[in-house]
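Visitor: model this:
(one chain, ligands or ions: 2)
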Amino acid sequence: MLETNESTEIIKLNASEIRFIHKSSFGFPCEEAQLEVLPQPAEALYNAAALLKQDQIVAFPTETVYGLGGLATSSDAVSKIFEAKRRPADNPLITHFSSLTQLRQYLDNGIPTIYQDLIRKYWPGPLSILLPLPHSSTLSPLVTAGNSTFAARMPSSQVALALIHLSGPLAAPSANSSTRPSPTTSQHVFHDLHGRIPLIIDGGPCHVGVESTVIDGLSTPPIILRPGGISKEQIQRCPGWENVVVHNPGEGLLQGVPRTPGMKYRHYSPNATVVLCASSAASPSLQGRDAPVGVMRTISWNPINGTIDRHLGNTGDEISQSLFATLRELDELGCKTIFVEGISEIDAGLAIMNRLRKAATEVIS
Ligand code: TXA
Ligand code: MG
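Guide: Ligands and ions are numbered 1, 2, ... in the order given. All right, here's what the predicted structure looks like:
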């Protein structure tokens, strides 16, 4: 059972105060790691790691979105994650590691060759890879939800790496209430989960803003299960990934079971009606729409009179960074309708449009 915490503590931790040093060997930048911290943040980090070692759950910053972490080897901790988020139990979690040496302890036959170039280039970073689950794995079965694979990620946030180094591998979904937009600040986490978790580590706003790309290199051809912070174009440049396909949640159901279970649930939903104008030909019409109306503009729309206007940015990276925060903000401001200007699905646009389609109540093309 989850104990309800009377209060949720928020501790600020400045990433620049932490020195997490990855030693490279065999050409891997993230082989082994060493932690050097200044006295004050060290105390906060050690306290958070101590809570985790007692099977408690802690929200922490990553470069993508805030995660809700628990020891990946503890079913007690992992069940608290599912309960706090109200997440369906058949949706597996990503396990976060701080070095390759730590990850290898959870593998029988090392890291498959197909991933090696990707790891060299993009770890630590917003990329999660599917790995075979050893027969006698010490990961909690709740982490994998009965799959024969587990998802592994090495975040680049110094705070996240330092915490995982101290606590051990952390199972961590995004630290939102299920179906809400993922949190990119500690305030978003507090809004959704206060009273349900004991501690939030505040490392400032997340700079990527959308979740990691989840890839399956164990299938032929390899698959992008969820587009995210590393683009399809970046992945295609790695040997063995030239023909990577992007998983379409409508297809490839194995006896009704989606390849990546998270894809079947409604996601990223504010309370407002979200209208996505997916092509440049589509434009918003306020007629017949419930007010107040919010507008999230990207590349070419001009501000529209009588709306709460937000410009997400001019580049894919800027738009990714502000996407979830703006959906939440317009919701908080009481918008009944939110119009969103879509972008083309290249580079960062693929992940952005994937999240917007899931948030949308209506798509106009
Ligand atoms: O950026 C991120 O990935 C963030 C931060 C906190 O690291 N985490 C995150 O976790 O987005 P979550 O739980 O919200 O999404 C994990 C996704 C889900 O779609 C889940 O179904 C998929 O990864 N997944 C996890 N393990 C899997 C497995 N063994 N096979 C297929 N899909 C898996
Ligand atoms: Mg999530």
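Visitor: any idea how far Thr337 is from ligand 1?
Guide: The spacing between Thr337 and ligand 1, counted by Cβ to the nearest ligand atom, to the nearest Å, is 27 Å. Placement of C-beta: from N, CA and C, glycine included.
Visitor: Ala48 too?
Guide: Ala48 is 15 Å from ligand 1, by Cβ to the nearest ligand atom.
Visitor: surely that residue meets Val58?
Guide: Yes - taking Cβ atoms under 8 Å as the definition, Ala48 is a contact partner of Val58 at 5.1 Å.
Visitor: hey, what's in contact with both of these two?
Guide: By Cβ atoms under 8 Å, 6 or more residues apart in numbering, Ala48 and Val58 have these common neighbours: 163, 199, 201.
Visitor: what residues are up against the residue lying closest to His194 once chain neighbours are set aside?
Guide: Leaving aside its chain neighbours, His194 sits nearest to Thr8 (4.4 Å; criterion: Cβ to Cβ, 6 or more residues apart in numbering). If you count contacts by Cβ under 8 Å, 6+ apart, Thr8 has them with 190, 193-200.
Visitor: and what of Ile21?
Guide: Per Cβ under 8 Å, 6+ apart, neighbours of Ile21: 33-36.
Visitor: ok, what's across the strand from it?
Guide: Under DSSP bridges, the beta-bridge partners of Ile21 are Gln34.
Visitor: mean confidence for stretch 280-297?
Guide: If you average the pLDDT over stretch 280-297, you get 91.
Visitor: in stretch 282-300, which residues are buried?
Guide: Within stretch 282-300, the residues that count as buried by 16 or more other Cβ atoms under 10 Å are 282, 284, 289, 292-299.
Visitor: now the buried members of the contacts of Thr8.
Guide: Buried among those by 16+ other Cβ under 10 Å: 190, 193, 196-200.
Visitor: of those residues, list those near ligand 1.
Guide: Subset of these in contact with ligand 1: empty, counting by Cβ under 6 Å from any ligand atom.
Visitor: among those, which one sits closest to Glu211?
Guide: Using Cβ to Cβ, Leu193 comes nearest to Glu211 of the buried ones among the contacts of Thr8, at 17.1 Å.
Visitor: which residues in the protein form helices?
Guide: 39-53, 75-85, 100-104, 116-122, 141-144, 158-167, 186-193, 232-236, 316-332, 348-359 (DSSP state H).
Visitor: for ligand 1, see how far away Ala15 is.
Guide: 16 Å.
Visitor: that residue touches Ser157, doesn't it?
Guide: Yes - using Cβ under 8 Å, Ala15 makes contact with Ser157 at a distance of 6.7 Å.
Visitor: more neighbours, the two?
Guide: The neighbour count for Ala15 versus Ser157, taken as other Cβ atoms under 10 Å, is higher for Ser157 (26 against 18).
Visitor: wait, doesn't that one sit right on Glu63?
Guide: Yes - applying Cβ under 8 Å, one finds Ser157 in contact with Glu63, separated by 4.9 Å.
Visitor: what touches both of the two?
Guide: Taking Cβ under 8 Å, 6+ apart as the criterion, Ser157 and Glu63 both touch Cys206.
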